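Q: sequence first, predicted model second:
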Amino acid sequence: MRRLVVLFLFAVAAFAQTGEFGVFSNSDDVGAPPIHGLATYDDAAQTYTITGSGADIWARADQFHYAWREMSGDFAVSATAKFLTDGIAHRKAVIQLRESLDTDSQHLQLAIHGDGTPSIQFRAAKGETTHTVDFPIEGPGVWRMKLERRGEYVTFWMGKDDAPLRKLGTTITALGSPILVGLGVASHTVEAVNTVEFTNVTVEQLEPAGDLGIFTNSGDVGDPATEGSTEFSDGVYRLTGSGNSMWGATDQFQYIWKEVAGNFTANATLEFEGEGHEHRKAGIMVRQSLDGDSAYGDFVIHGKGMPSIQWRGAKGDDTRTFNLPYDEPGKFRIKLVRRGVRIYAYLSSDGAEPQEIAHTEVSFRGPVLVGLFVSSHDLAATDAVTFTDVSIEMQ
């Protein structure tokens with residue numbers, strides 16, 4: 001009998017394991033569910049099979065089984081999840097970031113439920129309740145999941161069966177370093193277990209973001225089909241962006257930004273490179289969040305040279321615009337000033353000091369994102385713009 005037990009332990013990695021476990025280092029129950037969970041790793045197939053019980057990862061305390069490693073800095077985690085057992089519709093498989101193994105720990109996770117509901121869920125601080133953003137139910141299937149952290153920003157992707165990954169969104173987290181990073185399974189009941197097979201699991205440490213000058217982050221907003229990029233060297237920003245525009249009730253563009261609170265003055269000189277759609281856009285923007293339908297105000301130059309001040313007064317509203325007279329494309333000095341709820345636009349196209357040409361009002365809550373943007377107004381193309389003389393002064 002002893003020989004059989006030894007062979008069994010050699011064949012699988014059981015709960016409460018420490019040491020090498022594929023890309024993870026440990027696995028154990030969190031929150032002491034009455035039915036113990038189990039995690040096994042097949043090195044040849046590079047497959048994780050995790051069985052978890054527990055009331056849920058929800059409210060102010062969690063119960064589930066977790067396979068994790070400790071990480072710091074920027075990273076990306078990917079996995080394909082397949083439920084192997086029937087059960088309650090809200091049983092979960094997750095990629096989770098967690099401050100500790102305490103049952104009420106701060107956490108942030110990308111979850112897929114048994115009924116096919118994708119969710120982004122988080123507990124903002126130890127002992128607080130859990131919050132969720134749920135996406136449309138797509139029904140059971142095999143789910144590709146990806147989570148990427150860069151600084152305080154975490155971005156999520158999900159795809160069902162053979163569909164390509166789609167970006168669900170980006171959020172800000174107060175989770176620092178080091179934190180626990182891993183896969184979790186909960187059955188949504190203390191009387192049964194839920195088993196999930198995870199394949200194509202990768203955990204990648206990312207290189208720190210390059211120097212962005214006065215800004216802290218860059219990336220696409222609104223998940224355009226063609227990814228944009230940002231380069232910075234010797235005081236010059238070069239943004240390449242795609243997307244359908246900043247218009248209607250949602251936006252797509254490349255953005256470089258920093259978070260500020262209060263009043264400010266932002267300056268830049270911009271010039272389009274090459275040809276493109278006459279309504280491609282570049283300029284300075286203040287934005288409530290990275291959501292595609294966020295409230296915002298901007299001062300924009302179109303590819304044909306037309307200046308406009310645009311704004312979305314509240315999340316999900318339509319964009320409003322005031323277009324100004326123009327001559328032709330060229331190099332423009334622009335300035336955007338925030339004073340309370342008012343957004344002022346200043347312009348010069350002849351090298352002189354920019355003069356005020358328009359203003360509008362947008363009410364923002366708390367800190368806002370301020371930066372430079374580019375949108376091609378064409379989903380199949382990108383446009384490049386150079387920005388010089390860039391500054392942000394707090395008032």
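A: Nice, thanks for sending it over.
Q: from here on, just use CA atoms for contacts and neighbour counts.
A: Fine.
Q: show me where the stretch 151-300 of the chain has its strands.
A: Per DSSP state E, counting those that start in this stretch, the stretch 151-300 of the chain carries strands over the ranges 153-160, 166-172, 179-186, 189-205, 217-221, 229-233, 236-241, 245-247, 250-260, 264-273, 281-287, 296-302.
Q: could you dump those strands to JSON lines with mean pLDDT, distance to residue 313 and mean neighbour count?
A: Shown next, in JSON lines, are these (pLDDT from 0 to 100; distance: least, Cα to Cα, whole Å; neighbours: other Cα atoms under 10 Å):
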{"stretch": "strand 153-160", "mean pLDDT": "94", "distance to residue 313": "24", "mean neighbour count": "20"}
{"stretch": "strand 166-172", "mean pLDDT": "88", "distance to residue 313": "21", "mean neighbour count": "17"}
{"stretch": "strand 179-186", "mean pLDDT": "98", "distance to residue 313": "37", "mean neighbour count": "27"}
{"stretch": "strand 189-205", "mean pLDDT": "97", "distance to residue 313": "39", "mean neighbour count": "19"}
{"stretch": "strand 217-221", "mean pLDDT": "93", "distance to residue 313": "18", "mean neighbour count": "22"}
{"stretch": "strand 229-233", "mean pLDDT": "94", "distance to residue 313": "28", "mean neighbour count": "16"}
{"stretch": "strand 236-241", "mean pLDDT": "96", "distance to residue 313": "24", "mean neighbour count": "24"}
{"stretch": "strand 245-247", "mean pLDDT": "91", "distance to residue 313": "12", "mean neighbour count": "22"}
{"stretch": "strand 250-260", "mean pLDDT": "95", "distance to residue 313": "12", "mean neighbour count": "23"}
{"stretch": "strand 264-273", "mean pLDDT": "96", "distance to residue 313": "19", "mean neighbour count": "20"}
{"stretch": "strand 281-287", "mean pLDDT": "98", "distance to residue 313": "11", "mean neighbour count": "27"}
{"stretch": "strand 296-302", "mean pLDDT": "97", "distance to residue 313": "7", "mean neighbour count": "27"}
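Q: test my guess that residue 146 contacts residue 156.
A: Yes. At 5.8 Å, residue 146 and residue 156 qualify as touching, with contact defined as Cα atoms under 8 Å.
Q: give me the common contacts of these two.
A: Jointly contacting residue 146 and residue 156 under the rule Cα atoms under 8 Å, 6 or more residues apart in numbering are residue 110.
Q: one step back: out of the strands of the stretch 151-300 of the chain, which comes closest to residue 62?
A: strand 179-186 (9.0 Å; Cα to Cα).
Q: centre of the chain to that closest one, how far?
A: In terms of Cα atoms, centre = their mean, to the nearest Å, the centre of strand 179-186 is found 18 Å from the chain centre.
Q: how about stretch 368-383?
A: From the chain centre to the centre of stretch 368-383 is a distance of 17 Å (Cα atoms, centre = their mean).
Q: now do the buried residues in that stretch.
A: By 16 or more other Cα atoms under 10 Å, the buried positions in stretch 368-383 come out as 368-379, 381-383.
Q: where along this protein do the helices fall?
A: Secondary structure of the chain (DSSP state H): helices located at 2-11.
Q: outline the domain layout of it.
A: Here the domain assignment for the chain is 2-205, 217-394, based on automatic domain parsing.
Q: got TSV for those, with distance to residue 211 too?
A: Listed next are these as TSV, based on distance: least, Cα to Cα, whole Å:
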stretch	distance to residue 211
domain 2-205	13
domain 217-394	7
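Q: mean pLDDT lowest for which of the ones you listed?
A: Within those, confidence is poorest for domain 2-205, with a mean of 90 (mean pLDDT).
Q: now that one, how far from the centre of its chain.
A: The answer for domain 2-205 is 18 Å, by Cα atoms, centre = their mean.
Q: next one: stretch 328-340
A: With Cα atoms, centre = their mean as the basis, stretch 328-340 stands 28 Å off its chain's centre.
Q: how about it: buried residues?
A: Those would be 329, 331, 332, 333, 334, 335, 336, 337, 338, for stretch 328-340 by 16+ other Cα under 10 Å.
Q: spatially nearest residue to the fourth one (excluding sequence neighbours)?
A: In other words, residue 333. residue 269 (4.3 Å; Cα to Cα, 6 or more residues apart in numbering).
Q: now do the contacts for that neighbour.
A: 331, 332, 333, 334, 387, 388, 389, 390.
Q: swap in 10 Å and give it another go.
A: Residue 269 makes contact with 236, 283, 331-335, 347-349, 351, 386-390 under the criterion Cα atoms under 10 Å, 6 or more residues apart in numbering.
Q: returning to that earlier point: so for residue 97, which of the strands of the stretch 151-300 of the chain sits nearest?
A: That would be strand 179-186 among the strands of the stretch 151-300 of the chain, by Cα to Cα, at 4.8 Å.
Q: what ranges do the strands span in the stretch 1-150 of the chain?
A: Under the criterion DSSP E, counting those that start in this stretch, the stretch 1-150 of the chain contains strands at 17-21, 24-30, 38-42, 47-54, 57-58, 61-62, 64-71, 75-83, 92-98, 107-113, 118-123, 131-134, 142-150.
Q: tell me, how many residues neighbour the nearest residue to residue 32 once chain neighbours are set aside?
A: Leaving aside its sequence neighbours, residue 32 sits nearest to residue 63 (Cα to Cα, 6+ apart; 6.5 Å). Residue 63: 27 surrounding residues under other Cα atoms under 10 Å.
Q: I'd assumed residue 29 was in contact with residue 63.
A: Yes. If you go by Cα atoms under 10 Å, residue 63 and residue 29 touch, sitting 7.3 Å apart.
Q: any shared contact partners between the two?
A: By the contact definition Cα under 10 Å, 6+ apart, residue 63 and residue 29 are jointly contacted by 52, 53, 54, 103, 184, 185, 186.
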